[in-house]
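Student: based on what follows, work out the 3D shape:
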Amino acid sequence: EELSRIQKRVNTGDPEAIRLLGESYMNGINGLEKDMLKAVEVLERAAELGEKEAHGLLGELFDENTDDWGIDKDMAGAVGHY
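Tutor: So this is what the prediction gives:
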């Protein structure tokens, strides 16, 4: 049910909802499988729309050693989001 509410808001282009969808993929919650690559893709969309928390999450993801998630450590990318 939560995912359905988030998805409706995502469909209207709501940046906060897009971030929440990214966090759902990041943490494997709201009925979604954990998918870090999809999380980054969705969070980048939210960040492009000016969602500040999405920037912070992306900065942390790129700052950490996340090879096991299929994400390369990228300090330049991290700094760009911090």
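Student: excluding its backbone neighbours, what's nearest the residue sitting nearest the centre point of the chain?
Tutor: The chain has L43 as the residue nearest its centroid, 2.9 Å off, counting by C-alpha atoms, centre = their mean. Once flanking residues are discounted, L43 sits nearest to G22: 3.7 Å by C-beta to C-beta, 6 or more residues apart in numbering. For every residue, glycine as well, the C-beta is placed using N, CA and C.
Student: in what helix or strand does the one you found lie?
Tutor: According to DSSP states H and E, G22 maps onto helix 15-27.
Student: the residue nearest to L43 and G56, how far apart?
Tutor: 12 Å (C-beta to C-beta, to the nearest Å).
Student: returning to what we had before: I figured the residue nearest to the centre of the chain was touching M26, is that so?
Tutor: Yes - in terms of C-beta atoms under 8 Å, L43 counts as a neighbour of M26; the distance is 7.5 Å.
Student: quick check: neighbours shared by those two?
Tutor: With contacts taken as C-beta atoms under 8 Å, 6 or more residues apart in numbering, L43 and M26 have 57, 61 as neighbours in common.
Student: before we move on, the earlier item: tell me which of G22 and G56 has more neighbours.
Tutor: Set G22 next to G56 and count neighbours by other C-beta atoms under 10 Å: G22 wins out with 27 against 15.
Student: list the contacts for that one?
Tutor: Residues in contact with G22 (C-beta under 8 Å, 6+ apart) are 39-43, 45-46, 54, 57.
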